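Novice: give me a 3D structure for the following:
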Amino acid sequence: MKRKLLSVYLWAGFTLPLLLPTMLFAQTSNVGVGLQLGAPSGISVKARIGEVRLYDFTAAWDLGHFFFLQAHSLVIEAPLSTQDLSLLNYFMGPGALVGFRNRTPNESDIVVGISGNFGLAYYIQDFELFFQLTPRLEVIPATRGNIGGGIGFRYYIH
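Specialist: Model prediction:
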């Protein structure tokens, strides 16, 4: 069982973050790829599809303990100020999470839940610095709430 989980961790942890920007690039006008430090820490991707749709993805892992994917549809991303020169935006949106968590060396749980994403983003040319809070409600295998989030950066591919 542990070998199977390690295989899933390695495959998803290294393959998905590399494939996701490639899959989205054909349909997007902007893709930002970077890192997030916090709870969870991992790879972060933000993609704008068309002129309206904006999505945020995070893949995080701690080999031997958990693997975690979350995705959010950012329904609002707007400047914090009404001034034209404002580079500081706030964002928020609903999302979902799925992951694997080891309870013991031979037992693991699949975790599924809903989440939200709230934060601030500061843009400097092709870079984004961000801070976000992510309240989560796990519904499988049991109902459990927690708050995650972190700080990070993304580089935008045009």
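Novice: can you pull up the bridge partners for the residue most central in space within the chain?
Specialist: The residue at the geometric middle of the chain, judged as the C-alpha nearest the mean C-alpha position with Cα atoms, centre = their mean, is T58 (2.2 Å). In this structure, T58 has the following beta-bridge partners (DSSP bridges): S44, Q70.
Novice: so it sits against S41, correct?
Specialist: No: T58 is beyond contact range of S41, at 9.2 Å (criterion: Cβ atoms under 8 Å). Placement of C-beta: from N, CA and C, glycine included.
Novice: find the nearest non-adjacent residue to G152, please.
Specialist: Here the nearest residue to G152 in space, its sequence neighbours aside, is Q36; by Cβ to Cβ, 6 or more residues apart in numbering that works out to 3.6 Å.
Novice: surely that neighbour and V45 touch.
Specialist: No: with contact defined as Cβ under 8 Å, Q36 does not count as touching V45 (10.0 Å).
Novice: neighbour-wise, which of these two wins?
Specialist: Each of Q36 and V45 has its neighbours counted (other Cβ atoms under 10 Å); Q36 has more, 25 against 20.
Novice: and that one, that's in a strand?
Specialist: Yes: assignment of Q36 by DSSP: H, G, I helix; E, B strand; the rest coil places it within a strand.
Novice: any idea of the pLDDT on it?
Specialist: The score at Q36 is 95. That number is its pLDDT.
Novice: that one and N106: what is the separation?
Specialist: Taking Cβ to Cβ, to the nearest Å as the criterion, Q36 is separated from N106 by 30 Å.
Novice: residues contacting the residue nearest to the centre of the chain?
Specialist: Contacts for T58 were tallied using Cβ atoms under 8 Å, 6 or more residues apart in numbering; they are 36, 40, 42-45, 68-71.
Novice: got the residues you listed as CSV, with distance to L137 columns?
Specialist: Formatted as CSV, these follow (distance: Cβ to Cβ, whole Å):
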residue, distance to L137
Q36, 20
P40, 16
G42, 20
I43, 23
S44, 21
V45, 23
F68, 14
L69, 16
Q70, 12
A71, 15
